[in-house]
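Student: Show me how the following folds:
(one chain, ligands or ions: 1)
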Amino acid sequence: MRHGLPSIINCDNFVTPATFGHYHFPGSGCVIRKPDFLYLYHPKTGFTMKLFQFVASAVALCAAFSVQARSLDEIKKGGKIIVATEGQFAPFNYFKGTTLTGFEVEVAELAAKKMGLKIEWKTIGFDALLTGLKQDRWDLVIASHGVTEERAKAVTFTAPHYCSGGMVIAMDPAIRSAKDLTGKTVAVQTGTSYLENVQKITTIKEMKNFPTDVDARSALTSRRVDAWVTDRFVAKEVVAKNPKAGLKLGEMVFIERIASAVAKGNQPLADAWSKALAETMADGSYAAVSKKYFDEDVRCN
Ligand code: ARG
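Tutor: Down below sits the predicted model:
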(Lines give C-alpha, C1' and ligand atoms only; values in the text may rest on other atoms or scores of the structure.)
Protein backbone atom coordinates (compact mmCIF):
# COMPACT_ATOMS: atom_id res chain seq x y z
CA MET A 1 0.00 0.00 0.00
CA ARG A 2 1.59 3.27 -1.08
CA HIS A 3 0.29 6.68 -0.13
CA GLY A 4 1.47 10.16 -0.94
CA LEU A 5 3.12 12.18 1.78
CA PRO A 6 0.74 12.27 4.68
CA SER A 7 -0.72 15.57 5.76
CA ILE A 8 -0.23 15.13 9.49
CA ILE A 9 3.07 13.71 10.59
CA ASN A 10 3.65 12.83 14.19
CA CYS A 11 7.15 11.56 14.51
CA ASP A 12 7.08 11.13 18.26
CA ASN A 13 7.15 7.42 17.88
CA PHE A 14 10.20 6.30 16.02
CA VAL A 15 10.67 2.82 14.74
CA THR A 16 14.26 1.71 14.46
CA PRO A 17 15.58 -0.34 11.53
CA ALA A 18 14.05 -3.76 11.72
CA THR A 19 12.28 -6.53 9.93
CA PHE A 20 8.65 -7.00 10.85
CA GLY A 21 7.17 -10.11 9.33
CA HIS A 22 7.74 -9.63 5.60
CA TYR A 23 8.58 -5.95 5.91
CA HIS A 24 12.08 -4.69 6.27
CA PHE A 25 12.65 -1.10 7.39
CA PRO A 26 16.24 -0.13 6.64
CA GLY A 27 16.06 3.22 8.45
CA SER A 28 13.96 4.84 11.15
CA GLY A 29 10.29 5.37 10.47
CA CYS A 30 7.56 7.11 12.34
CA VAL A 31 3.98 6.77 13.31
CA ILE A 32 1.63 9.03 11.41
CA ARG A 33 -1.73 10.09 12.63
CA LYS A 34 -4.15 10.55 9.72
CA PRO A 35 -7.83 11.27 10.17
CA ASP A 36 -8.82 7.74 9.23
CA PHE A 37 -6.11 5.68 10.91
CA LEU A 38 -2.63 5.40 12.32
CA TYR A 39 0.06 4.63 9.76
CA LEU A 40 3.64 3.64 9.94
CA TYR A 41 5.66 5.81 7.57
CA HIS A 42 9.15 5.16 6.28
CA PRO A 43 10.47 8.54 5.03
CA LYS A 44 13.30 7.11 2.90
CA THR A 45 11.12 4.93 0.71
CA GLY A 46 7.77 6.59 1.20
CA PHE A 47 6.42 3.24 2.26
CA THR A 48 3.32 3.54 4.37
CA MET A 49 1.48 0.77 6.12
CA LYS A 50 -1.61 0.80 8.27
CA LEU A 51 -0.52 0.33 11.83
CA PHE A 52 -2.76 -2.62 12.61
CA GLN A 53 -0.94 -4.50 9.84
CA PHE A 54 2.34 -3.59 11.43
CA VAL A 55 1.06 -4.77 14.80
CA ALA A 56 -0.15 -8.04 13.28
CA SER A 57 3.27 -8.59 11.67
CA ALA A 58 5.03 -7.80 14.92
CA VAL A 59 2.80 -10.22 16.82
CA ALA A 60 3.47 -12.93 14.26
CA LEU A 61 7.17 -12.23 14.59
CA CYS A 62 7.04 -12.50 18.36
CA ALA A 63 5.08 -15.75 18.12
CA ALA A 64 7.74 -17.20 15.83
CA PHE A 65 10.50 -16.43 18.29
CA SER A 66 8.83 -16.97 21.62
CA VAL A 67 8.01 -20.64 21.04
CA GLN A 68 8.56 -22.19 24.42
CA ALA A 69 8.83 -25.81 25.39
CA ARG A 70 5.90 -26.85 27.53
CA SER A 71 6.91 -26.85 31.18
CA LEU A 72 6.50 -29.86 33.42
CA ASP A 73 3.67 -28.03 35.22
CA GLU A 74 1.79 -27.36 31.98
CA ILE A 75 2.19 -30.98 30.93
CA LYS A 76 0.96 -32.21 34.32
CA LYS A 77 -1.99 -29.87 34.24
CA GLY A 78 -3.09 -31.27 30.88
CA GLY A 79 -2.47 -34.84 32.04
CA LYS A 80 -0.73 -35.89 28.84
CA ILE A 81 2.75 -35.77 27.40
CA ILE A 82 3.38 -35.70 23.66
CA VAL A 83 6.10 -38.19 22.82
CA ALA A 84 7.64 -38.59 19.38
CA THR A 85 9.43 -41.61 17.95
CA GLU A 86 10.26 -43.01 14.53
CA GLY A 87 8.35 -46.30 14.42
CA GLN A 88 10.79 -48.02 12.04
CA PHE A 89 13.42 -49.34 14.40
CA ALA A 90 12.36 -52.77 15.64
CA PRO A 91 12.47 -54.01 18.32
CA PHE A 92 12.74 -50.54 19.93
CA ASN A 93 10.00 -48.59 18.21
CA TYR A 94 7.99 -50.06 15.34
CA PHE A 95 4.53 -50.80 14.01
CA LYS A 96 2.86 -54.15 14.49
CA GLY A 97 0.14 -53.70 11.91
CA THR A 98 -1.17 -50.27 12.77
CA THR A 99 -0.12 -50.40 16.43
CA LEU A 100 2.99 -48.60 17.57
CA THR A 101 4.96 -50.86 19.90
CA GLY A 102 8.46 -51.88 20.92
CA PHE A 103 10.75 -51.80 23.92
CA GLU A 104 11.00 -48.00 24.00
CA VAL A 105 7.29 -47.54 23.52
CA GLU A 106 6.57 -49.83 26.47
CA VAL A 107 9.25 -48.28 28.68
CA ALA A 108 7.92 -44.81 27.88
CA GLU A 109 4.39 -45.95 28.79
CA LEU A 110 5.71 -47.23 32.13
CA ALA A 111 7.58 -43.99 32.88
CA ALA A 112 4.64 -41.78 31.87
CA LYS A 113 2.36 -43.79 34.12
CA LYS A 114 4.70 -43.18 37.05
CA MET A 115 4.35 -39.46 36.31
CA GLY A 116 0.57 -39.78 36.23
CA LEU A 117 0.49 -38.94 32.51
CA LYS A 118 -1.00 -40.38 29.36
CA ILE A 119 1.10 -40.40 26.20
CA GLU A 120 0.01 -38.94 22.91
CA TRP A 121 2.32 -40.61 20.39
CA LYS A 122 3.63 -39.00 17.22
CA THR A 123 5.68 -40.86 14.65
CA ILE A 124 7.90 -39.09 12.16
CA GLY A 125 11.14 -39.55 10.19
CA PHE A 126 14.23 -39.96 12.35
CA ASP A 127 15.92 -36.76 11.19
CA ALA A 128 12.94 -34.58 12.20
CA LEU A 129 12.69 -35.85 15.78
CA LEU A 130 15.18 -33.67 17.65
CA THR A 131 14.40 -30.54 15.61
CA GLY A 132 10.74 -30.96 16.51
CA LEU A 133 11.63 -30.43 20.17
CA LYS A 134 12.93 -26.98 19.37
CA GLN A 135 9.76 -26.18 17.45
CA ASP A 136 7.65 -27.35 20.40
CA ARG A 137 5.91 -29.97 18.29
CA TRP A 138 6.26 -32.56 21.07
CA ASP A 139 7.56 -32.71 24.63
CA LEU A 140 9.91 -35.68 24.51
CA VAL A 141 11.65 -37.90 21.97
CA ILE A 142 12.40 -41.57 22.54
CA ALA A 143 13.95 -43.14 19.44
CA SER A 144 17.21 -44.83 20.41
CA HIS A 145 19.27 -41.66 20.31
CA GLY A 146 22.80 -42.18 21.57
CA VAL A 147 23.95 -39.43 23.92
CA THR A 148 26.54 -37.50 21.90
CA GLU A 149 28.23 -34.18 22.59
CA GLU A 150 26.91 -32.77 19.35
CA ARG A 151 23.29 -33.61 20.14
CA ALA A 152 23.67 -32.40 23.72
CA LYS A 153 24.33 -28.93 22.31
CA ALA A 154 20.84 -28.90 20.82
CA VAL A 155 18.72 -30.90 23.29
CA THR A 156 18.67 -31.97 26.93
CA PHE A 157 19.01 -35.70 27.51
CA THR A 158 17.31 -37.66 30.28
CA ALA A 159 18.94 -40.59 32.08
CA PRO A 160 19.66 -43.46 29.64
CA HIS A 161 17.10 -46.24 29.19
CA TYR A 162 19.54 -48.73 27.65
CA CYS A 163 23.16 -49.22 26.66
CA SER A 164 24.19 -50.63 23.33
CA GLY A 165 26.30 -49.76 20.33
CA GLY A 166 26.87 -50.11 16.61
CA MET A 167 27.55 -53.57 15.22
CA VAL A 168 28.79 -54.81 11.86
CA ILE A 169 26.42 -57.12 10.03
CA ALA A 170 27.22 -58.68 6.65
CA MET A 171 26.48 -61.62 4.35
CA ASP A 172 30.16 -62.49 4.03
CA PRO A 173 31.34 -64.15 7.28
CA ALA A 174 34.81 -62.65 6.70
CA ILE A 175 33.43 -59.14 7.29
CA ARG A 176 33.23 -58.83 11.07
CA SER A 177 35.15 -55.85 12.40
CA ALA A 178 35.88 -52.21 11.57
CA LYS A 179 39.15 -53.43 10.05
CA ASP A 180 37.29 -55.81 7.74
CA LEU A 181 35.36 -52.86 6.32
CA THR A 182 38.49 -51.75 4.46
CA GLY A 183 37.62 -51.29 0.79
CA LYS A 184 33.96 -52.13 1.43
CA THR A 185 30.67 -50.33 0.85
CA VAL A 186 28.77 -49.82 4.11
CA ALA A 187 25.10 -48.96 4.66
CA VAL A 188 23.93 -46.76 7.54
CA GLN A 189 20.82 -44.76 8.41
CA THR A 190 21.09 -40.99 7.84
CA GLY A 191 21.50 -38.85 10.96
CA THR A 192 22.60 -41.70 13.20
CA SER A 193 25.63 -42.34 15.35
CA TYR A 194 26.34 -45.31 13.02
CA LEU A 195 26.95 -42.85 10.22
CA GLU A 196 29.15 -40.71 12.45
CA ASN A 197 31.27 -43.68 13.52
CA VAL A 198 31.52 -45.36 10.11
CA GLN A 199 32.70 -42.03 8.74
CA LYS A 200 35.69 -42.32 11.06
CA ILE A 201 36.76 -45.56 9.39
CA THR A 202 38.74 -43.88 6.65
CA THR A 203 39.70 -47.10 4.89
CA ILE A 204 36.20 -47.98 3.71
CA LYS A 205 35.40 -47.61 0.03
CA GLU A 206 32.04 -45.90 0.39
CA MET A 207 29.34 -45.18 2.92
CA LYS A 208 25.75 -45.27 1.68
CA ASN A 209 23.07 -43.40 3.64
CA PHE A 210 19.45 -44.47 3.86
CA PRO A 211 16.45 -42.61 5.31
CA THR A 212 15.48 -45.56 7.51
CA ASP A 213 17.45 -48.40 9.05
CA VAL A 214 15.09 -50.82 7.27
CA ASP A 215 16.30 -49.39 3.92
CA ALA A 216 19.92 -49.83 5.01
CA ARG A 217 19.16 -53.47 5.85
CA SER A 218 17.50 -54.07 2.47
CA ALA A 219 20.59 -52.70 0.76
CA LEU A 220 22.58 -55.43 2.47
CA THR A 221 20.16 -58.30 1.83
CA SER A 222 19.91 -57.31 -1.84
CA ARG A 223 23.72 -57.14 -1.89
CA ARG A 224 23.91 -53.51 -2.95
CA VAL A 225 26.36 -53.00 -0.07
CA ASP A 226 28.91 -55.26 1.64
CA ALA A 227 27.98 -54.45 5.23
CA TRP A 228 25.44 -52.65 7.39
CA VAL A 229 26.16 -50.98 10.73
CA THR A 230 23.23 -50.79 13.13
CA ASP A 231 22.32 -51.29 16.77
CA ARG A 232 23.50 -54.55 18.28
CA PHE A 233 19.98 -55.55 19.39
CA VAL A 234 18.45 -54.60 16.05
CA ALA A 235 21.08 -56.73 14.32
CA LYS A 236 20.53 -59.66 16.69
CA GLU A 237 16.80 -59.62 16.11
CA VAL A 238 17.10 -59.39 12.33
CA VAL A 239 19.44 -62.39 12.27
CA ALA A 240 17.24 -64.40 14.67
CA LYS A 241 14.05 -63.64 12.74
CA ASN A 242 15.54 -64.37 9.30
CA PRO A 243 17.63 -67.49 9.85
CA LYS A 244 17.74 -68.28 6.14
CA ALA A 245 18.78 -64.80 4.97
CA GLY A 246 22.47 -65.59 5.41
CA LEU A 247 23.16 -62.55 7.59
CA LYS A 248 26.18 -62.76 9.89
CA LEU A 249 26.63 -60.80 13.09
CA GLY A 250 30.01 -59.13 13.36
CA GLU A 251 31.63 -57.12 16.14
CA MET A 252 30.70 -53.91 17.88
CA VAL A 253 32.28 -50.82 16.36
CA PHE A 254 31.49 -48.48 19.28
CA ILE A 255 29.28 -48.36 22.35
CA GLU A 256 26.74 -45.75 23.38
CA ARG A 257 24.23 -44.80 26.04
CA ILE A 258 20.71 -44.37 24.69
CA ALA A 259 18.43 -41.77 26.21
CA SER A 260 15.29 -39.73 25.67
CA ALA A 261 15.60 -36.05 24.85
CA VAL A 262 13.59 -32.95 25.71
CA ALA A 263 13.91 -29.34 24.52
CA LYS A 264 17.25 -27.80 25.44
CA GLY A 265 17.10 -26.50 29.01
CA ASN A 266 13.82 -28.16 29.98
CA GLN A 267 15.63 -29.71 32.93
CA PRO A 268 12.56 -30.11 35.17
CA LEU A 269 10.93 -32.35 32.55
CA ALA A 270 14.15 -34.30 31.95
CA ASP A 271 14.58 -34.82 35.70
CA ALA A 272 10.99 -35.94 36.21
CA TRP A 273 11.33 -38.41 33.33
CA SER A 274 14.64 -39.76 34.67
CA LYS A 275 13.11 -40.19 38.12
CA ALA A 276 10.09 -42.05 36.71
CA LEU A 277 12.41 -44.24 34.63
CA ALA A 278 14.47 -45.03 37.75
CA GLU A 279 11.26 -46.10 39.48
CA THR A 280 10.46 -48.56 36.67
CA MET A 281 13.98 -49.92 37.04
CA ALA A 282 13.53 -50.29 40.80
CA ASP A 283 10.12 -51.99 40.82
CA GLY A 284 10.87 -54.75 38.29
CA SER A 285 8.60 -53.44 35.53
CA TYR A 286 11.51 -52.30 33.33
CA ALA A 287 13.24 -55.66 33.82
CA ALA A 288 10.10 -57.54 32.73
CA VAL A 289 9.79 -55.53 29.49
CA SER A 290 13.51 -55.90 28.80
CA LYS A 291 13.32 -59.67 29.34
CA LYS A 292 10.34 -59.90 27.01
CA TYR A 293 12.16 -58.16 24.14
CA PHE A 294 15.79 -59.18 24.63
CA ASP A 295 15.82 -62.03 27.11
CA GLU A 296 18.25 -59.92 29.14
CA ASP A 297 18.36 -56.66 31.05
CA VAL A 298 19.63 -53.94 28.72
CA ARG A 299 19.92 -51.11 31.26
CA CYS A 300 23.27 -49.32 31.55
CA ASN A 301 25.39 -50.50 34.45
N1 ARG B 1 21.53 -45.29 18.14
C2 ARG B 1 21.68 -44.62 16.89
C3 ARG B 1 21.86 -43.15 17.09
O4 ARG B 1 22.03 -42.73 18.17
C5 ARG B 1 20.58 -44.89 15.93
C6 ARG B 1 19.23 -44.54 16.34
C7 ARG B 1 18.26 -44.87 15.25
N8 ARG B 1 16.95 -44.75 15.73
C9 ARG B 1 15.86 -44.91 14.98
N10 ARG B 1 14.73 -44.74 15.52
N11 ARG B 1 16.00 -45.22 13.72
O12 ARG B 1 21.84 -42.38 16.20
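Student: buried residues in the helix or strand where residue 259 lies?
Tutor: Taking DSSP states H and E as the definition, residue 259 sits inside strand 248-263. By 16 or more other C-beta atoms under 10 Å, the buried positions in strand 248-263 come out as 248-250, 252-254, 256-263. Any C-beta I mention is one placed from the backbone N, CA and C, and that applies to glycine too.
Student: so the following helix or strand past it versus strand 248-263, what angle?
Tutor: Using DSSP H and E, the helix or strand that follows strand 248-263 towards the C-terminus is helix 267-282. With axes from the mean of the first three to the mean of the last three C-alpha atoms, to 10 degrees applied, the angle from helix 267-282 to strand 248-263 works out at 140 degrees.
Student: that older thread, out of the buried residues of strand 248-263, the closest to residue 175 would be?
Tutor: residue 250 (6.4 Å; C-beta to C-beta).
Student: about what we covered before: for the strand holding residue 259, name the packing helices and strands.
Tutor: For strand 248-263, the packing partners by 3 or more C-beta pairs under 8 Å, 6 or more residues apart in numbering; DSSP states H and E come out as helix 129-134, strand 140-141, strand 155-170, helix 193-199, helix 232-241, helix 267-282.
Student: Take the buried residues of strand 248-263 and lay them out in CSV including pLDDT and distance to residue 163.
Tutor: Output for those, formatted as CSV (pLDDT from 0 to 100; distance: C-beta to C-beta, whole Å):
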residue, pLDDT, distance to residue 163
248, 98, 23
249, 98, 18
250, 98, 19
252, 98, 11
253, 98, 15
254, 98, 12
256, 98, 7
257, 98, 5
258, 98, 7
259, 98, 10
260, 99, 14
261, 98, 16
262, 98, 20
263, 98, 24
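Student: For the stretch 1-150 of the chain, what lies in contact range of the ligand?
Tutor: The stretch 1-150 of the chain comes close to the ligand at residues 86, 89, 93, 126, 143-146, as judged by C-beta under 6 Å from any ligand atom.
Student: Emit the PyMOL select command for whichever of these are buried.
Tutor: In PyMOL syntax, the buried subset of those is picked out as below (16+ other C-beta under 10 Å):
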select buried, resi 86+89+93+126+143+144+145+146
